[in-house]
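Peer 1: give me the fold of what follows.
(one chain, ligands or ions: 1)
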Amino acid sequence: MATYSSAARSTDPRPHVLVLGGNFAGLGAAQKIRHYAGDAVRITVIDRKSRLLYVPNIPLEVFENRNPAENLFMDIVGPLAADDIGFIRAEVQAIDPIAQTVTWVPCERPGSASETQDYDYLVIALGNRLAFDRIEGFAEYGHSVTDTFQGEKLRRYLHEAYRGGPIAIGSARFHQGDGANGLQPYPGGSIPAALAACEGPPVEVMLSMADWLQRHGKGGADKVTVFTPANLIAEDAGEKVVGELLGIAGKMGFHYLNNTQDIKRITRGGIEFADGRTVEAELKIVFPDWRAHDFLRGLPIADSEGFIVTDLAMRNPKFPAVFAAGDAAAVTVPKLGAIGHQECDLVGRQIAFDLGRIDEDMAAKRLEPEVLCIGDMGSGRAFYIRSNSWFGGNTQVLKMGRLPHFLKMRYMDLFYRNHGKVPDWGLDAAELMAEGHFG
Ligand SMILES: Cc1cc2nc3c(=O)[nH]c(=O)nc-3n(C[C@H](O)[C@H](O)[C@H](O)COP(=O)(O)OP(=O)(O)OC[C@H]3O[C@@H](n4cnc5c(N)ncnc54)[C@H](O)[C@@H]3O)c2cc1C
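Peer 2: Next comes the predicted model:
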């Protein structure tokens, strides 16, 4: 295979930051590095696609009967160029942290030769593989909302083919690695082991589904069984929040199966779980295992499952020029964009500090993970969760109503309008409003 060293082409003497991935974490990290390090660095983002997919709003588009592919992509090339950040549309194939190189193949047209590029700093923001291919029967009988293909497939089924049968919604087992063991984000706390990668979306889909069934005269919550491999669904939101949620869901009539261990297979008639139980369902909406990309597994920067090991400043302890942000990082549990958002800021600070652009005080900030989730419930209502108790903090907030829905929609507007640069006051204002500090 032809290989070409791209580094040879650059005459720019500044340290080169290569950011792998251009969705929430990649775009956010590149922007934060530029923000804190100014013109001290050259930055290049590599992604196989040149548009950001606004994942959190896929379920809402599906239930509103809109094709999510029409509204949820945002160009990143222009916004990056406006900050003097280069973009290469390519498939990343390999990372060599010892030689400090990345190998990738341009993917605008098939047949390109692979290129090997060196870096001074590397930010891995490649997200994960959503392992639907490991669930027997998913392709034939399963549905999901994790990308626009799955969203559109579900939208068409729901609005055109659904026969009014029972519905099952839940997660396959997540296999977390050992990369965050021993980290203490709050005094006495930890990054606990999760059995599901991200259970805000199943809770969102179950509540929206009940509303959709009712609005369309097809029944209500009692048609829906929600299941989890864990002891408690969305356990990372904290016991108090989940207790309240389950109380409300129980009153609405949802069926609930916990400790299912994993999805064994999906059949035409339902789901078989690893613990031997089954659930009958016409519609099976599932969230798979979030697995690390194959080429990351076995690298000296990766943990036992291929997630990138970092400290709480998002820096790899063995290779200090390597950072991770977003779902690819071992410390990001659950796999939530809101945690990745905080991580991007930390990466920006660390690189700027190395280059002498910010002082020690500004670089001292560390990750304080918080589950921040605004999930649609249909009919203009949403739930808002802000909680850090799972990690050792003492915050657990749950609100439901029209204001969280308003905030969810306005946050997306703000994100699009500012090309991903959500000002800090945007999140603070959302928190103040949702938690009822304004009248
Ligand atoms: C239905 C749903 C709802 C959600 N709702 C919320 C929510 O309300 N709040 C919240 O905080 N989080 C939410 N999340 C989680 C959130 O979407 C993820 O945490 C977030 O997308 C992670 O961002 P990321 O940039 O790390 O990874 P990703 O968004 O997965 O992006 C990874 C990028 O890397 C690129 N890439 C991957 N491999 C390669 C390769 N080999 N070569 C080139 N490019 C590559 C991809 O093209 C992609 O652009 C939700 C998730 C789902 C599925």
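Peer 1: which parts of the helix or strand hosting residue 206 are buried?
Peer 2: Assessed by DSSP states H and E, residue 206 sits inside helix 200-215. Within helix 200-215, the residues that qualify as buried are 200-213, counting by 16 or more other CB atoms under 10 Å. For every residue, glycine as well, the C-beta is placed using N, CA and C.
Peer 1: who does the helix or strand that comes right after it pair up with?
Peer 2: Sequence-wise, the next helix or strand downstream of helix 200-215 (DSSP H and E) is strand 224-227. If you go by DSSP bridges, strand 224-227 pairs up with strand 167-171 (parallel), strand 255-257 (parallel).
Peer 1: thinking again about what came up before, please name every helix or strand in contact with the helix holding residue 206.
Peer 2: helix 58-63, strand 167-171, strand 224-227, helix 239-252, strand 283-287, strand 371-378, strand 381-387 (3 or more CB pairs under 8 Å, 6 or more residues apart in numbering; DSSP states H and E).
Peer 1: what's next to it, contact-wise?
Peer 2: 59-60, 63, 145-146, 158, 167, 169-171, 219-221, 223-224, 226, 228, 233-234, 237, 245, 249, 252-254, 285, 287, 334, 336, 371, 373, 375-379, 381, 383, 385 (CB atoms under 8 Å, 6 or more residues apart in numbering).
Peer 1: just checking, residue 347 touches residue 29?
Peer 2: Yes - contact between residue 347 and residue 29 holds when scored by CB atoms under 8 Å: they sit 4.8 Å apart.
Peer 1: anything in contact with each of those two?
Peer 2: 123, 323, 325.
Peer 1: confirm the second one sits in a strand?
Peer 2: Yes - remark: residue 323 belongs to a strand, assigned using DSSP: H, G, I helix; E, B strand; the rest coil.
Peer 1: that one and residue 349 touch, don't they?
Peer 2: No - contact criterion CB under 8 Å: residue 323 and residue 349 do not qualify, at 10.7 Å.
Peer 1: of those two, who's got more company?
Peer 2: Shown here are residue 323 and residue 349; by other CB atoms under 10 Å, residue 323 has more neighbours (30 against 23).
Peer 1: quick check: beta-bridge partners of the more buried one?
Peer 2: residue 123, residue 315.
Peer 1: quick check, the residue in the stretch 1-150 of the chain closest to the ligand?
Peer 2: Across the stretch 1-150 of the chain, no residue is closer to the ligand than residue 127, which sits at 2.3 Å (CB to the nearest ligand atom).
Peer 1: before we move on, the earlier item: can you add mean neighbour count, mean pLDDT and distance to residue 181 and give the helices and strands packed on helix 200-215 back as JSON lines?
Peer 2: Shown next, in JSON lines, are those (neighbours: other CB atoms under 10 Å; pLDDT from 0 to 100; distance: least, CB to CB, whole Å):
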{"stretch": "helix 58-63", "mean neighbour count": "26", "mean pLDDT": "97", "distance to residue 181": "32"}
{"stretch": "strand 167-171", "mean neighbour count": "27", "mean pLDDT": "98", "distance to residue 181": "22"}
{"stretch": "strand 224-227", "mean neighbour count": "24", "mean pLDDT": "98", "distance to residue 181": "28"}
{"stretch": "helix 239-252", "mean neighbour count": "16", "mean pLDDT": "92", "distance to residue 181": "23"}
{"stretch": "strand 283-287", "mean neighbour count": "24", "mean pLDDT": "98", "distance to residue 181": "24"}
{"stretch": "strand 371-378", "mean neighbour count": "24", "mean pLDDT": "93", "distance to residue 181": "20"}
{"stretch": "strand 381-387", "mean neighbour count": "24", "mean pLDDT": "94", "distance to residue 181": "22"}
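Peer 1: compare those and give me the one nearest residue 304.
Peer 2: strand 167-171 (20.7 Å; CB to CB).
Peer 1: quick one on the thing from earlier: for the residue of the stretch 1-150 of the chain closest to the ligand, which non-adjacent residue is spatially closest?
Peer 2: residue 327 (4.5 Å; CB to CB, 6 or more residues apart in numbering).
Peer 1: list the contacts of that neighbour.
Peer 2: Counting by CB under 8 Å, 6+ apart, residue 327 has contacts 25, 127-128, 290, 335, 340.
Peer 1: want to throw the residues you listed into CSV with secondary structure?
Peer 2: Listed next are the contacts of residue 327 as CSV, based on three-state DSSP:
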residue, secondary structure
25, helix
127, coil
128, coil
290, strand
335, coil
340, helix
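Peer 1: neighbour-wise, which one of those leads?
Peer 2: Most surrounded of the contacts of residue 327: other CB under 10 Å gives residue 25, at 30 neighbours.
Peer 1: so that residue sits against residue 342, correct?
Peer 2: No - using CB under 8 Å, residue 25 is not in contact with residue 342; the gap is 10.5 Å.
Peer 1: now do the SS call for the nearest residue to residue 180 once chain neighbours are set aside.
Peer 2: Leaving out its chain neighbours, the residue that sits closest to residue 180 by CB to CB, 6+ apart is residue 191, at 3.8 Å. Under three-state DSSP, residue 191 falls in the coil class.
Peer 1: what number of residues lie near residue 191?
Peer 2: Around residue 191 there are 23 residues (other CB under 10 Å).
Peer 1: report the contact partners of it.
Peer 2: Counted by CB under 8 Å, 6+ apart, residue 191 has contacts 180-181, 183, 185, 331, 333, 369, 391.
Peer 1: residue 15 now?
Peer 2: Counted by CB under 8 Å, 6+ apart, residue 15 has contacts 40-42, 120-121, 355.
Peer 1: please state the offset of the helix holding residue 206 from the chain centre?
Peer 2: When C-alpha coordinates are averaged (CA atoms, centre = their mean, to the nearest Å), helix 200-215 and its chain have centres 20 Å apart.
Peer 1: dump the helices and strands packed on helix 200-215 to CSV, plus distance to residue 431.
Peer 2: Conversion of the helices and strands packed on helix 200-215 to CSV gives the following (distance: least, CB to CB, whole Å):
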stretch, distance to residue 431
helix 58-63, 21
strand 167-171, 27
strand 224-227, 27
helix 239-252, 15
strand 283-287, 26
strand 371-378, 8
strand 381-387, 7
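Peer 1: where does residue 119 land on pLDDT?
Peer 2: For residue 119, the model assigns a pLDDT of 97.
Peer 1: residues from the stretch 101-250 of the chain in reach of the ligand?
Peer 2: Within reach of the ligand by CB under 6 Å from any ligand atom, the stretch 101-250 of the chain has these residues: 125-127, 145-146, 198, 200-201.
Peer 1: tabulate these (TSV), appending pLDDT.
Peer 2: Formatted as TSV, these follow (pLDDT from 0 to 100):
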residue	pLDDT
125	98
126	98
127	98
145	98
146	98
198	94
200	94
201	96
